[in-house]
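Trainee: next one to model:
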Amino acid sequence: MIPVSVGGSAQSALWTDHLIAYYRQLAEATFTVIDVETTGPKPSTSRVIEIGILQGSLDEGVIYEDSFLINPQVRVPAQITRLTGISTAMVESGVLAHELWPDLISPLSAGVLTGHNLAFDYSFLQSEYRRMNQRFSRPDAQQFCTVILSRLLLADLPSRSLPNLVQHFGFNVGQSHRAFADAKACWLLAEYLLTQLQEMSDWQLRDLLEHQWIPLSEAAKGFGHPPRDIQHHLERRGCEYRSSRRSDRYLYRRGDLEALYQEVYAS
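Mentor: Modelled structure (predicted):
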């Protein structure tokens, strides 16, 4: 998925009007909201031990929901048990991974795949299916990350982590870091954000999007040019930026990136 937006090609993902149109049509979509709990942070070395799935639309509300403890036949690390409350004994009574995943391919392939930091959950789904020599892939335009939209519409909040958003909005979903509770929270957040977005005019959205901070590395994918080349032009223009020493990242305003592309790279 393209981190600077939520769908389309890397180049079109930069453009404000493209994003406005994308978010507008999301209000008509059916969503498949997911959350996974895992034995660790890396799909290559960790396994999914619980999944929550919820399907619904803004018009119909929730039409399907379920959760599954999954037995990948590995131990659950103590730190994961402390975080989630899920123990090795619990997953040993769950559905065996190789029996569950084939049954979930149909619901996971329906609607717009949605999650809070969806890239994390999606990478684990792909990894689990790869272990079974199966391919699981959803097109960019059929993915929706609520973290990305919350950064845009809830920029004034000090944190947009799901537990903090649950507390901020008072969502009654149960214990955070359990798959169904987090999937439910993500659904309620998506419902709130998309409803708020529908009440905004195009010019209000355009103003928000043009001021959005975009990582230079992600913008470079849309430009088709090296980050240093793009940064050189931005510096010459005196464009505002943010930087992170910890991750060695530079971020620029979407509006400045669009203007640079049109004036320098589009010809």
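
Trainee: so where is the stretch 1-150 of the chain shaky, pLDDT-wise?
Mentor: 1-14 (pLDDT under 70).

Trainee: rerun that using 80 as the cut-off
Mentor: Residues of the stretch 1-150 of the chain that meet the criterion pLDDT under 80 lie in 1-15.

Trainee: what ranges do the helices span in it?
Mentor: Secondary structure of the stretch 1-150 of the chain (DSSP state H, counting those that start in this stretch): helices at 16-26, 78-84, 88-92, 97-108, 118-131, 146-153.

Trainee: just tell me which of those helices ends up closest to P41.
Mentor: helix 118-131 (8.2 Å; CB to CB). (Glycine included, C-beta is placed from N, CA and C.)

Trainee: who does that closest one touch, helix- and strand-wise?
Mentor: Applying 3 or more CB pairs under 8 Å, 6 or more residues apart in numbering; DSSP states H and E, we find helix 118-131 packed against strand 30-38, strand 48-57, helix 97-108, strand 112-115, strand 143-145.

Trainee: nearest to F180, out of the helices of the stretch 1-150 of the chain?
Mentor: Distance to F180, taken as CB to CB, is lowest for helix 78-84 among the helices of the stretch 1-150 of the chain, at 11.8 Å.

Trainee: just the C-alpha atoms of stretch 82-101, please, in CSV.
Mentor: C-alpha atoms of stretch 82-101 as CSV (Å, rounded to 0.1, in the frame of the first residue of the first chain):
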residue,chain,number,x,y,z
ARG,A,82,1.6,-9.6,29.2
LEU,A,83,0.5,-7.3,26.4
THR,A,84,-2.5,-9.2,25.0
GLY,A,85,-3.5,-11.7,27.8
ILE,A,86,-3.1,-14.5,25.2
SER,A,87,-1.2,-17.5,26.5
THR,A,88,0.3,-20.6,24.9
ALA,A,89,-2.4,-22.6,26.6
MET,A,90,-5.1,-20.5,25.0
VAL,A,91,-3.8,-20.8,21.5
GLU,A,92,-3.3,-24.5,21.9
SER,A,93,-7.1,-24.8,22.2
GLY,A,94,-7.6,-22.6,19.1
VAL,A,95,-8.1,-23.5,15.5
LEU,A,96,-5.1,-24.9,13.7
ALA,A,97,-3.6,-22.3,11.4
HIS,A,98,-3.6,-24.6,8.3
GLU,A,99,-7.3,-25.3,8.9
LEU,A,100,-8.5,-21.8,9.5
TRP,A,101,-6.7,-19.7,6.8
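
Trainee: that older thread, now render the helices and strands packed on helix 118-131 as CSV, adding distance to M200 and mean neighbour count.
Mentor: Output for the helices and strands packed on helix 118-131, formatted as CSV (distance: least, CB to CB, whole Å; neighbours: other CB atoms under 10 Å):
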stretch, distance to M200, mean neighbour count
strand 30-38, 20, 25
strand 48-57, 20, 22
helix 97-108, 31, 15
strand 112-115, 20, 24
strand 143-145, 17, 23
